[in-house]
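Participant: predicted coordinates and the sequence they were generated for:
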Amino acid sequence: MDERLLDAAAEDVSEGEKRRADQIRLISGLTRGSDTEVCARRVLAEIERTLTIARTHRAIMLSLMDR
């Protein structure tokens with residue numbers, strides 16, 4: 001398997017983790033229960049779902065490299 005593919009998968013995870021941290025920081029500055037905060041939490045949930053997919057993808061890539 002091409003190392004560049006694994007590097008790209010690792011970068012996807014890293015970027016997702018950064019986006020998650022940024023979103024959590026943004027939410028902390030919003031008024032609890034406001035429409036904006038509710039929407040921001042929905043975005044955070046989507047970021048977390050995407051991050052889970054990226055982590056799974058990276059894990060699969062790693063397992064394929066072990067073969």
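Facilitator: Arrived safely. Residues are numbered from 1 along each chain as shown.
Participant: now do the contacts for residue 40.
Facilitator: 23, 26, 27, 30 (C-beta atoms under 8 Å, 6 or more residues apart in numbering). Quick note: C-beta positions are derived from backbone N, CA and C, even for glycine.
Participant: tell me which helix or strand the first one sits in.
Facilitator: Taking DSSP states H and E as the definition, residue 23 sits inside helix 3-28.
Participant: return the set of buried residues in the next helix or strand after that helix.
Facilitator: The helix or strand immediately downstream of helix 3-28 is helix 35-65, counting by DSSP H and E. Using 16 or more other C-beta atoms under 10 Å as the burial criterion, the residues of helix 35-65 that qualify are 37, 40, 44, 47, 51, 54, 57, 58, 61.
Participant: what of stretch 14-33?
Facilitator: 16, 19, 23.
Participant: what's the closest of those residues to residue 2?
Facilitator: Closest approach between these and residue 2, by C-beta to C-beta: residue 16, at 21.2 Å.
Participant: got the contact list for the closest residue to the closest one other than its chain neighbours?
Facilitator: Leaving aside its chain neighbours, residue 16 sits nearest to residue 51 (3.8 Å; criterion: C-beta to C-beta, 6 or more residues apart in numbering). The contact partners of residue 51, by C-beta under 8 Å, 6+ apart, come to 13, 16, 17, 19, 20.
Participant: closest to residue 66 among those?
Facilitator: residue 13 (18.1 Å).
Participant: can you tell me the closest non-neighbouring residue to the closest one?
Facilitator: residue 54 (4.8 Å).
Participant: does the one you found really touch residue 11, like I thought?
Facilitator: No. With contact defined as C-beta atoms under 8 Å, residue 54 does not count as touching residue 11 (9.3 Å).
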